[in-house]
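**Q** Just to be clear, the model below is a prediction. Sequence and coordinates:
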Amino acid sequence: MQIEILTPEKKLFAGDIYGVQLPGVDGSFEVLEKHAPMVSALGSGVLKLLLDRNGKASKYSIAGGFIEVLNNKVTILLEGAVVA
């Protein structure tokens, strides 16, 4: 699935991934391929990009934001993020 992660300063990541684990305001959740459409608020914590099925991943510490999932494309808008 396609993902784009944006902060007010820059585009943090764009490309194909297997899935993403996120800190929601009511608890952590995961989005994988063909997920149902949704919009959700994110809390502060660790965002983990699952780059492939073999366990390769990237982690970011985030300060909150929003996620939109639509037609196998994920867009994440963050208040701030640093590589963890």
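**A** Looks like it arrived, so ask away. Numbering: from 1, shown residues only.

**Q** Run through the bridge partners of E30.
**A** Q21 (DSSP bridges).

**Q** next one: A57
**A** Here A57, judged by DSSP bridges, has bridge partners L50.

**Q** hang on, isn't it packed against L49?
**A** Yes. The criterion here is C-beta atoms under 8 Å, and A57 meets it with L49 at 6.1 Å. Just so you know, the C-beta spots here come from the backbone N, C-alpha and C atoms, and that holds for glycine as well.

**Q** Please say which of these two ends up with more neighbours.
**A** Comparing A57 with L49 by other C-beta atoms under 10 Å, the one with more neighbours is L49, at 22 against 15.

**Q** what is the mean pLDDT for the one helix or strand F66 maps to?
**A** Using DSSP states H and E, F66 falls within strand 65-70. For strand 65-70, mean pLDDT rounds to 98.

**Q** CA atoms only: put it into CSV for me.
**A** C-alpha atoms of strand 65-70 as CSV (Å, rounded to 0.1, in the frame of the first residue of the first chain):
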residue,chain,number,x,y,z
GLY,A,65,-1.6,14.2,14.3
PHE,A,66,-4.2,12.5,12.0
ILE,A,67,-4.3,9.5,9.7
GLU,A,68,-6.6,9.0,6.6
VAL,A,69,-6.9,5.6,4.9
LEU,A,70,-8.7,5.5,1.6
